[in-house]
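**Student:** heads up, no residue letters with this:
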């Protein structure tokens, strides 16, 4: 069994972006006709973290609106290329309203009409690229609700 592993490991072509251990275990399992569990496998860490604010009421040029913001906080060798913030009023028809931020700029959405006493839900998303070649990585935030 060990010699089969060594032979198969040498036969697997290595590419810098490939998970060699997983490939070797999968190849060994196919050679031996069994299932191999990968112990200690963990999800990929996120490239960046993003902060989503709770919905709040702001006055813009005399009109009350509900706003929420998605801001890039920390990146691990990645570059944010897009943020998105959305607000939806509970019980309302339609998808709500969204706004997009380009690059590292925050995304801030302004939802109207504002109805006092209604519950609003904010969601967000941030996307960054990391690696060589660059690979996109997106993180969802929310939902965060508030009765305003």
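**Tutor:** That came through, no problem. What you see is a predicted model; the values in this text were computed from it and never measured.
**Student:** could you say which helix or strand holds the closest residue to residue 148 other than its chain neighbours?
**Tutor:** Closest residue in space to residue 148, ignoring its immediate chain neighbours: residue 57 at 5.2 Å, by CB to CB, 6 or more residues apart in numbering. Just so you know, the C-beta spots here come from the backbone N, C-alpha and C atoms, and that holds for glycine as well. Following DSSP states H and E, one finds residue 57 within strand 56-60.
**Student:** okay, now the domains of the chain?
**Tutor:** Taking automatic domain parsing as the criterion, the chain consists of the domains 2-32, 48-147.
**Student:** now do the longest one, average pLDDT.
**Tutor:** Mean pLDDT, computed over domain 48-147, is 95.
**Student:** contact partners of the strand holding residue 57?
**Tutor:** With contacts defined as CB atoms under 8 Å, 6 or more residues apart in numbering, strand 56-60 is touched by 64, 65, 66, 67, 68, 110, 114, 146, 148.
**Student:** got a winner among the residues you listed for most neighbours?
**Tutor:** residue 68 (29 neighbours; other CB atoms under 10 Å).
**Student:** so how far is residue 142 from that one?
**Tutor:** Counting by CB to CB, to the nearest Å, the gap from residue 68 to residue 142 is 8 Å.
**Student:** now for the two: what residues contact both?
**Tutor:** 52, 122, 124.
**Student:** can you lay out these as JSON lines showing neighbour count?
**Tutor:** Below are those laid out as JSON lines (neighbours: other CB atoms under 10 Å):
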{"residue": "52", "neighbour count": "23"}
{"residue": "122", "neighbour count": "27"}
{"residue": "124", "neighbour count": "27"}
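**Student:** need these in JSON lines with distance to residue 90 and secondary structure, can you?
**Tutor:** Shown next, in JSON lines, are those (distance: CB to CB, whole Å; DSSP: H, G, I helix; E, B strand; the rest coil):
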{"residue": "52", "distance to residue 90": "17", "secondary structure": "strand"}
{"residue": "122", "distance to residue 90": "12", "secondary structure": "strand"}
{"residue": "124", "distance to residue 90": "17", "secondary structure": "strand"}
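**Student:** list the buried residues of the strand or helix carrying residue 86.
**Tutor:** Residue 86 is located in strand 79-89, with elements delineated by DSSP H and E. In terms of neighbour count (16 or more other CB atoms under 10 Å), strand 79-89 has its buried residues at 80, 81, 82, 83, 84, 85, 86, 87, 88, 89.
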